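Undergrad: below are the sequence and a predicted model; questions follow.
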Amino acid sequence: MDAKTGPLIPAADLARDNPVRFPNESAAYRAARTALLAEEIELRRHIERVAAQRRALPPGGEVSGDYRFEGEDGPTDFAGLFGDKPTLGVYSYMFGPQRERPCPMCTNLLDAWEGNAADLGQRMSLVVVARSPVQRLADWKQERGWRNLRLYTDLNGAYSRDYFGLLPDGSEVPAFNVFTRRDGTIRHFWSGEMTGSTADPGQDPRGAPDPGPLWGVLDNTPEGRGTDWYPKLDYERP
């Protein structure tokens with residue numbers, strides 16, 4: 001039962017009563033689509049339950065490391081990343097100094113987040129942290145056409161190591177961590193922990209729901225997301 005709206009109508013009933021019909025569809029198509037719609041409704045409800053469970057997490061660990069950053073406006077400590085917001089999201093971008101170009105998958109996700117960054121900034125502080133020098137990040141930001149994403153370099157690598165943007169062997173991985181600041185205390189709230197150890201057979205590690213729209217859109221197509229295609233930084237013009 002939803003506390004605000006009362007008991008939920010069974011998903012199968014909502015799907016059965018759905019009035020949508022498309023030209024020339026067969027009875028077999030409609031039957032299969034109705035069954036799928038019931039599952040989609042259940043999935044939506046499960047996503048809502050998971051989000052509520054996430055919001056109800058107990059306080060996470062207090063942030064105490066020596067974390068130092070530099071952005072386009074100069075150096076800052078970890079608290080400075082919050083600005084005037086009580087919640088901070090930090091994306092660890094796979095763009096360390098050893099890379100000629102940043103990770104295409106990370107970049108694709110951030111391309112999408114750029115379009116929402118101004119809106120997200122009304123509710124939270126969102127920053128992107130990488131280990132390349134800040135001027136290199138600023139140059140890439142300009143090349144990519146990003147205006148609203150806030151990019152910072154991890155000056156000593158301490159944050160990246162502690163919050164799993166940098167593994168002990170020196171390899172980079174993407175990470176998204178959320179932090180809170182309540183009554184002057186900064187704590188870790190949540191991190192995407194879908195790693196290789198949690199991946200299902202034949203699938204790349206990924207969160208649920210996926211934080212980027214690319215795969216969600218492809219999942220609505222008959223070809224799906226495929227098994228060996230990944231986005232690139234650039235595409236040849238036809």
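TA: Sure, I can see it. Only a predicted model underlies this, so the values are computations on that prediction, with no experimental measurement involved.
Undergrad: and the most centrally placed residue in the chain, what is it in contact with?
TA: With distances taken as Cα atoms, centre = their mean, the chain has residue 211 as the residue nearest its mean C-alpha position (3.2 Å). If you count contacts by Cβ atoms under 8 Å, 6 or more residues apart in numbering, residue 211 has them with 109, 176, 192. In this view, the C-beta of every residue, glycine as well, is placed from N, C-alpha and C.
Undergrad: in this structure, which spans are helices?
TA: The residue ranges that make up the helices of the chain, judged by DSSP state H, are 11-16, 27-55, 104-120, 134-144, 158-162, 213-218.
Undergrad: most tightly surrounded among the ones you listed?
TA: Neighbour counts averaged per stretch over the helices of the chain are highest for helix 158-162, at a mean of 19; criterion: mean count of other Cβ atoms under 10 Å.
Undergrad: show me where pLDDT drops low in the protein?
TA: Low-confidence segments of the chain, defined by pLDDT under 70: 1-5, 238.
Undergrad: do you know how far the residue nearest to the centre of the chain is from residue 236?
TA: Taking Cβ to Cβ, to the nearest Å as the criterion, residue 211 is separated from residue 236 by 28 Å.
Undergrad: let me see the contact set for the closest residue to residue 66 other than its chain neighbours.
TA: Excluding its sequence neighbours, the residue lying closest to residue 66 (Cβ to Cβ, 6 or more residues apart in numbering) is residue 158, at 5.6 Å. With contacts defined as Cβ under 8 Å, 6+ apart, the neighbours of residue 158 are 65-68.
Undergrad: pretty sure residue 176 contacts residue 192?
TA: Yes - because the distance of 4.9 Å satisfies Cβ atoms under 8 Å, residue 176 is recorded as touching residue 192.
Undergrad: for residue 122, the count of nearby residues, please.
TA: With neighbours defined by other Cβ atoms under 10 Å, the count for residue 122 comes to 7.
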